[in-house]
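**Q** Whatever this is, show me its structure:
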Amino acid sequence: MLKDIISTGKKATRDGFGDGLYEAGKNNPNVVALCADLVGSLKMNKFIDEFPERFFQMGISEANMIGVAAGLATAGKVPFTGTFANFSTARVFDQVRQSVAYSDKNVKICASHAGLTLGEDGATHQTLEDVGMMKMLPGMTVINPCDYHQTKAATVAIADHEGPVYLRFGRPGWPMFTENMPFEIGKALLLNEGTDVTIFATGHLVWKAVEAAKELAEQGISCELINIHTIKPLDTEAVLKSAAKTKCVVVAEEHNVIGGLGESISRVLSQHQPTLMEFVAVNDTFGESGKVPDLIAKYGLDTVDVVNAIQKVLKRKAEYA
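**A** I've put the predicted structure just below:
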């Protein structure tokens, strides 16, 4: 029920990664961590303090870090690499493709400060293309959790998952609301059952979708809300089941509208069950420096944008009825 989804405070998803990495290290002595000179930003200190011999500071040498991680995986270790999302993907795509994905190495590429919500560092550090880049790599699992608790759970889970993983998380404090909810790689999480429209949301936009669904519920609109934390492999069964029920869909993500979750869902629906869709995402542009709330509003990722997209798709649904 929507009324049961409440924020218990704010904490950054990157904090969830740091705490999850520490738990994964306690659970598995083969877990090792590498960082490209951003230990504080990725909250890796707890792991380093407990397991200093299992941490490797690579300096500002991201491509080398990926290569070393691939080598450690070959030796039976479970390496977690840590840097900003832009440097985890665009800067090192050749190394990720050749040394990790093509070779099917058990490397966990952990990418902080993703999306517009990096904020003041601006377009050179914000990445809105990373999901598209990484999901196109054969064998790469892509995970984009929505809050502190889910990021911690995802970090622990990927340590036990065999194969390359891209784990995406963010910088700002963000509402926490999934503490007692399950997490399973590749399994969508149903947050609210509804009958009028389905919202598929990922990452920070899940909370915006929760707010939108609550606002529309007061107007008598029943929203089915599904958290797609695993973008690849996509839970196609959950997508098709919900779309068949509501007959219209909105996808919300902090990513370029090209190449993200929306395109993955539209492909599945067009192949199996053509469905009316609207998209809440960045409209094929780079970001800019600014305060997080201002950027979210300017680039069309706010609660009101989710509400407007839902109202638009419902209007189209009524016209086709």
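
**Q** drop to CA atoms for contacts and neighbour counts, all remaining ones
**A** Noted.

**Q** need the helices for the stretch 151-300 of the chain, in chain order.
**A** Taking DSSP state H, counting those that start in this stretch, the helices of the stretch 151-300 of the chain run over residues 205-217, 236-246, 261-272, 292-298.

**Q** Let me know the angle separating the third one from helix 236-246.
**A** Per axes from the mean of the first three to the mean of the last three CA atoms, to 10 degrees, the angle that helix 261-272 makes with helix 236-246 is 80 degrees.

**Q** Which elements pack onto helix 261-272?
**A** When contacts are defined as 3 or more CA pairs under 8 Å, 6 or more residues apart in numbering; DSSP states H and E, helix 261-272 packs onto helix 236-246, strand 248-256.

**Q** Run the chain-centre distance for it.
**A** Remark: helix 261-272 is offset 18 Å from the chain centroid, using CA atoms, centre = their mean, to the nearest Å.

**Q** The chain should start at 9 in everything you say after this.
**A** In the new numbering, first residue 9, that becomes helix 269-280.

**Q** Now do the helix ranked longest in the chain against strand 256-264, angle only.
**A** If you go by DSSP state H, the chain has its longest helix at helix 311-328. Angle, helix 311-328 to strand 256-264, by the same axes, to 10 degrees: 140 degrees.

**Q** Mind exporting the C-alpha coordinates of helix 311-328 to PDB?
**A** Extracted in PDB, the C-alpha atoms of helix 311-328 (Å, rounded to 0.1, in the frame of the first residue of the first chain):
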ATOM      1  CA  THR A 311       7.400  14.600  -9.000                       C
ATOM      2  CA  VAL A 312       5.300  16.900 -11.200                       C
ATOM      3  CA  ASP A 313       7.000  15.500 -14.300                       C
ATOM      4  CA  VAL A 314       6.000  12.000 -13.300                       C
ATOM      5  CA  VAL A 315       2.400  13.200 -12.600                       C
ATOM      6  CA  ASN A 316       2.200  15.000 -16.000                       C
ATOM      7  CA  ALA A 317       3.500  11.900 -17.800                       C
ATOM      8  CA  ILE A 318       0.900   9.700 -16.100                       C
ATOM      9  CA  GLN A 319      -1.900  12.200 -16.900                       C
ATOM     10  CA  LYS A 320      -0.700  12.300 -20.500                       C
ATOM     11  CA  VAL A 321      -0.600   8.500 -21.000                       C
ATOM     12  CA  LEU A 322      -4.000   8.200 -19.300                       C
ATOM     13  CA  LYS A 323      -5.500  10.700 -21.700                       C
ATOM     14  CA  ARG A 324      -4.100   8.700 -24.600                       C
ATOM     15  CA  LYS A 325      -5.500   5.500 -23.100                       C
ATOM     16  CA  ALA A 326      -9.000   7.100 -22.900                       C
ATOM     17  CA  GLU A 327      -8.800   8.200 -26.500                       C
ATOM     18  CA  TYR A 328      -8.000   4.700 -27.700                       C
END
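
**Q** ok, and what's touching it?
**A** 204-205, 216-217, 219-221, 223-224, 255-258, 260, 284-288 (CA atoms under 8 Å, 6 or more residues apart in numbering).

**Q** hmm, back to that, let me know which of the helices and strands packed on helix 269-280 is tucked in deepest.
**A** strand 256-264 (a mean of 27; mean count of other CA atoms under 10 Å).

**Q** Can you give the contact residues for that strand?
**A** Residues outside strand 256-264 that contact it (CA under 8 Å, 6+ apart): 123-124, 135-137, 139, 204-214, 217, 251, 268-270, 283-293, 309, 314, 317-318, 321-322, 325.

**Q** Contacts only, for G28.
**A** T159, K160, A161, A162, T163, V164.

**Q** Please name the nearest non-neighbouring residue to it.
**A** Distance criterion CA to CA, 6 or more residues apart in numbering; nearest residue to G28, sequence neighbours excluded, is K160 at 4.3 Å.

**Q** Contact partners for that neighbour?
**A** Contacts of K160 by CA under 8 Å, 6+ apart are T21, D23, G24, F25, G26, D27, G28, L29.

**Q** do A122 as well
**A** Neighbouring residues of A122 by CA under 8 Å, 6+ apart: F92, A93, N94, Q134, T135, L136, R176, F177, G178, R179.

**Q** Compare the residues you listed and tell me which is most surrounded.
**A** Counting neighbours by other CA atoms under 10 Å, G178 leads those with 31 neighbours.

**Q** thinking again about what came up before, from P190, how far out is the residue nearest to G28?
**A** Distance, K160 to P190, using CA to CA, to the nearest Å: 12 Å.
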